[in-house]
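A.B. asks: Build the 3D model from these lines:
(2 chains)
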There are 2 protein chains.
Amino acid sequence: MFEKPESLEELVVGIAKTARDASHDIALATTDKKNAVLLRLADRLDRSEQELTVANEKDLELGKEQELSGALLDRLALTKSRISAMAEGVRQVASLPDPVGSEIGRLQPKSGIDIRKIRVPIGVVGIIYESRPNVTVDCAALCLKSGNACILRGGREAFHSNQALAKIVRETLEEEGLSPDIVQLIPTTDRAALGVLLKQDDNVHCIVPRGGEGLIRYVVENSHIPVIKHFEGICNLYLDSEADPSMAEAIALNAKCQRPGVCNAIENLVVHREFAQEHLQKVSQSLAEAGVSLRADPEALQLLSSANVPATAASEEDWSTEYLDLILSIRIVADAEEAVRFINQYGSQHSDSIITENEKTARWFLRAVDSSTVYWNASTRFTDGFEFGLGAEVGISTDRLHARGPMGLQELCTYKYEIFGKGEIRT
Amino acid sequence: MFEKPESLEELVVGIAKTARDASHDIALATTDKKNAVLLRLADRLDRSEQELTVANEKDLELGKEQELSGALLDRLALTKSRISAMAEGVRQVASLPDPVGSEIGRLQPKSGIDIRKIRVPIGVVGIIYESRPNVTVDCAALCLKSGNACILRGGREAFHSNQALAKIVRETLEEEGLSPDIVQLIPTTDRAALGVLLKQDDNVHCIVPRGGEGLIRYVVENSHIPVIKHFEGICNLYLDSEADPSMAEAIALNAKCQRPGVCNAIENLVVHREFAQEHLQKVSQSLAEAGVSLRADPEALQLLSSANVPATAASEEDWSTEYLDLILSIRIVADAEEAVRFINQYGSQHSDSIITENEKTARWFLRAVDSSTVYWNASTRFTDGFEFGLGAEVGISTDRLHARGPMGLQELCTYKYEIFGKGEIRT
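C.D. replies: You can find the predicted model right below:
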């Protein structure tokens, strides 16, 4: 008669508790069972174009009403080919080795006990993301395969699409005799619900926020649960004195221009003085022709202006700015050591690359640059779970603890020590 | 003329900055150089008995004035044999393999880039501890070998001893041509200094608090830096229906009585009904004779009272209480599944053990108990860096991310991806 409506707090606390209960089931599920769920899910997605399109249309209409940009509306759209690509991604995760239960270390001390370090799931993973609905399926698939329960909280713009996708995942779990609560989507985008979720440290073990810096800062400042994240991608490309000039040019163009709005695109081009004197004019000419606005230190500016390459003076702030746009800062250095000091000071420890034919310089650079991913003679654009062969990624971490770089199945696991004794007691 | 005295904040911020600068040196130091430092340090400790005793005497006298307990004064004392043991511990760390630079994973995706997952130091580790001065040397040695700089903040009681030990470590670093700032001791035990340290997330990457729950809660609630810790050790021993009775008795006695005040001693004895009916009276008799106060559920209480073994009724609170004393709670269960549910609900995910001759039951228990360390037929008392063969430990973690269980050299490292290309660009 006077039944109280469920409060937001009760709702979210309930989701966290049921996820924790369900996490014990998926943690002990066999590889065959987990793969059966994933393959069934992929088939369901392929057959669900109509229901997904209906839900997605609602989001697109609301998006148009709210005058979202064309780029945002495009991200939001679930086309037939995108649905197939999601299904294909799920099949790839099914084909990857199961990380759970593998022995990653062994100790055999004198006492006689046999200590095995075994990879096990983290438990319950919360993933907070923005507009792209495929994240719902990518993250659910990775969490399932790694034996974790997950709580998904997608963005407002993709609300109906995410609900439809999560419904398919949950029905698939039930059809395979598992608890649907292994994958739960928070059924509101009210930020108060997110605030409650971030306090459920008894039942949720890890939070991965994906999105703009504002969202990530909110999560970090309000979470009682460990957060794995990256704020920015200030990536650097260093052209050494012994760089192959045509490789240097091709990689600079790719790393800046192939998709400038992503975190693994470069923001700074760091150039050895000798290389700059011979080749910077040509490299920067190509960048300018590709539409890149150049900001240069005084020495580089002089070289560029003498070749009539348009450029402006870089400010101190430019060296640590993530443009997410066709803008690039150029800095000239005396040697690889100065380049490493510059990168360790101004970069965001995401992805950095050296172009050189000198193996000794390259190996030193790989070790001395303090970033999650360091390249020798390749574009920084490869820092991505799919490109690494991890199927997808739950996030990319510039943290130092637990996970660094693209976070795939292995990084969705922790470990335990399983110890085999013969009655040993401590003396 | 008007020079301002250095504030506490300036002092601690300066320590964090110089530690971060020094961390780049030790991160790139060779194994030979790090071992040379450690072996020289061990020799210096052996030859420094006199200066260490003088400093230690000051702490002991102040401790007596402040009427510290005999147990606490004993922990504080640096005897000749304890100094030798510290030196021996440092030699052991020198003899362990260097974790830095080892390849712990490899990916070779179709694009052609060759991705190597390489173990690297965390950076700067802060260790907050209480009275035992040997922690200063144990932690400095482990951090050095794993290529980390460290900031030590010891307890008030051991202030002079810790200063003397840190001085020896820093002089040894200088004698080997390294920066003494790789190891720094905060020269005050003012809690305000700790508060400042916990906010230095730009320069300090990980905090490990060791000590009572009050200290650890303070650190967790005030830190902007990731914390690796354990609050409590509520460890469980499960005696299965197929347990060897004499092994069960010996391990129960060892796990409870050998040193009851430590985190890996058991607090709950979980007993299969069939084992209880035949053997609980004998096991509990031995525990009572060893001075253990028993608290039992109704069924166990009846069994014990019919054999005149003294015991009281356990309350709900008892199942999740860390006694750190000769007290043990006894709970009877119907089967291994009920035991696992009990342990996952009431334990602190530290160390739990099953005694059984049935391999299938044991392997299921090892996988299903959600703790950092799970034993089959051995005492929980082995959860310890030294017993694991890790030389020592920086701490024991009941967290799930980054490190679980004893935290040794490997866990003092993170990893990076070093990628070897031949000019690959992303298409």
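
A.B. asks: Does residue A:319 belong to a helix, a strand or coil?
C.D. replies: Classification of residue A:319 using DSSP: H, G, I helix; E, B strand; the rest coil returns helix.

A.B. asks: mind listing the strands for the stretch 301-427 of chain A?
C.D. replies: Remark: strands assigned in the stretch 301-427 of chain A by DSSP state E, counting those that start in this stretch are A:312-313, A:327-333, A:351-355, A:373-378, A:395-397, A:405-407, A:413-424.

A.B. asks: tell me the contacts of the closest residue to residue A:115 other than its chain neighbours?
C.D. replies: Counting by CB to CB, 6 or more residues apart in numbering or on different chains, residue A:107 is the residue found nearest to residue A:115 once chain neighbours are left out, at 4.1 Å. For glycine as for every other residue, the C-beta is placed from the backbone atoms N, C-alpha and C. By CB atoms under 8 Å, 6 or more residues apart in numbering or on different chains, the contact list for residue A:107 reads A:115, A:117, B:388-390.

A.B. asks: what do you get for residue A:147?
C.D. replies: Neighbours of residue A:147 in contact, by CB under 8 Å, 6+ apart: A:26-29, A:34, A:100, A:120-121, A:413.

A.B. asks: Recalculate using a threshold of 6 Å.
C.D. replies: By CB atoms under 6 Å, 6 or more residues apart in numbering or on different chains, the contact list for residue A:147 reads A:26-27, A:100, A:121.

A.B. asks: How about the secondary structure of it?
C.D. replies: coil.

A.B. asks: What is the neighbour count of the closest residue to it other than its chain neighbours?
C.D. replies: Nearest in space to residue A:147, with sequence neighbours left out and distances taken as CB to CB, 6+ apart, is residue A:121 at 3.5 Å. Residue A:121 has 27 neighbours, counted by other CB atoms under 10 Å in any protein chain shown.

A.B. asks: Show the pLDDT at the closest residue in space to residue A:291 that isn't next to it in sequence.
C.D. replies: Using CB to CB, 6+ apart and skipping residues adjacent in sequence, the residue nearest residue A:291 is residue A:326, 5.1 Å away. What the model reports as pLDDT for residue A:326 is 96.

A.B. asks: Would you check that my belief about residue A:326 contacting residue A:292 is correct?
C.D. replies: Yes - under the criterion of CB atoms under 6 Å, residue A:326 makes contact with residue A:292 at 4.9 Å.

A.B. asks: Tell me the helices and strands packed up against the strand or helix carrying residue A:26.
C.D. replies: Taking DSSP states H and E as the criterion, residue A:26 maps to helix A:8-28. Applying 3 or more CB pairs under 6 Å, 6 or more residues apart in numbering or on different chains; DSSP states H and E, we find helix A:8-28 packed against strand A:124-128, strand A:149-153, helix A:191-197.

A.B. asks: And the helix or strand following the longest one, what's buried?
C.D. replies: For helix A:191-197, the following helix or strand on the C-terminal side (DSSP H and E) is strand A:206-209. Within strand A:206-209, the residues scored as buried using 16 or more other CB atoms under 10 Å in any protein chain shown are A:206-209.

A.B. asks: Over to stretch A:99-107?
C.D. replies: So, applying 16+ other CB under 10 Å, buried residues of stretch A:99-107: A:99-101, A:107.

A.B. asks: What's the end-to-end length of stretch A:368-384?
C.D. replies: For stretch A:368-384, the first and last residues are 22 Å from each other (CA to CA, to the nearest Å).

A.B. asks: Which residues does that stretch contact?
C.D. replies: A:235, A:251, A:254-255, A:258, A:264, A:266, A:340, A:343-344, A:349, A:351-355, A:362, A:366, A:398, A:404-405, B:113, B:416-421, B:423-426.

A.B. asks: can you list the weak-confidence ranges in chain A?
C.D. replies: Residues of chain A meeting the criterion pLDDT under 70: A:1-5.

A.B. asks: mind giving me the domain split of it?
C.D. replies: A:8-229+A:404-420, A:235-387 (automatic domain parsing).

A.B. asks: how about the ones you listed in TSV, adding distance to residue B:54?
C.D. replies: What follows is the domains of chain A, written out as TSV (distance: least, CB to CB, whole Å):
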stretch	distance to residue B:54
domain A:8-229+A:404-420	36
domain A:235-387	41
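
A.B. asks: which strands and helices sit next to the helix or strand harbouring residue A:141?
C.D. replies: For residue A:141, the host element (DSSP H and E) is helix A:134-145. When contacts are defined as 3+ CB pairs under 6 Å, 6+ apart, helix A:134-145 packs onto helix A:31-47, helix A:80-95, helix A:159-175.

A.B. asks: Helices of the stretch 201-350 of chain A, residue ranges please.
C.D. replies: A:213-222, A:245-257, A:273-275, A:281-289, A:298-306, A:336-346 (DSSP state H, counting those that start in this stretch).

A.B. asks: My understanding was that residue A:132 contacts residue A:75; is that so?
C.D. replies: Yes - with contact defined as CB under 6 Å, residue A:132 counts as touching residue A:75 (5.3 Å).

A.B. asks: Of these two, give the one with the bigger neighbour count.
C.D. replies: residue A:132 (21 against 18).

A.B. asks: hmm, back to that, could you report the neighbour count for the residue nearest to residue A:291?
C.D. replies: There are 16 residues near residue A:326, going by other CB under 10 Å.

A.B. asks: OK, contacts around it?
C.D. replies: Taking CB under 6 Å, 6+ apart, one finds A:260, A:291-292 in contact with residue A:326.

A.B. asks: and if you look at residue A:99?
C.D. replies: Going by CB under 6 Å, 6+ apart, the list of residues near residue A:99 reads A:119, A:146, A:409-410, A:413.

A.B. asks: hang on, it in a strand?
C.D. replies: No - applying three-state DSSP, one finds residue A:99 to be coil, outside a strand.

A.B. asks: Could you report the distance from it to residue A:413?
C.D. replies: Using CB to CB, to the nearest Å, residue A:99 is found at 5 Å from residue A:413.

A.B. asks: Overlap in contacts, the two.
C.D. replies: A:119, A:146.

A.B. asks: where's whichever residue of the stretch 151-300 of chain A sits closest to chain B relative to residue A:379, distance?
C.D. replies: The nearest approach of the stretch 151-300 of chain A to chain B comes at residue A:254, 3.7 Å away (CB to the nearest CB). Distance, residue A:254 to residue A:379, using CB to CB: 5 Å.
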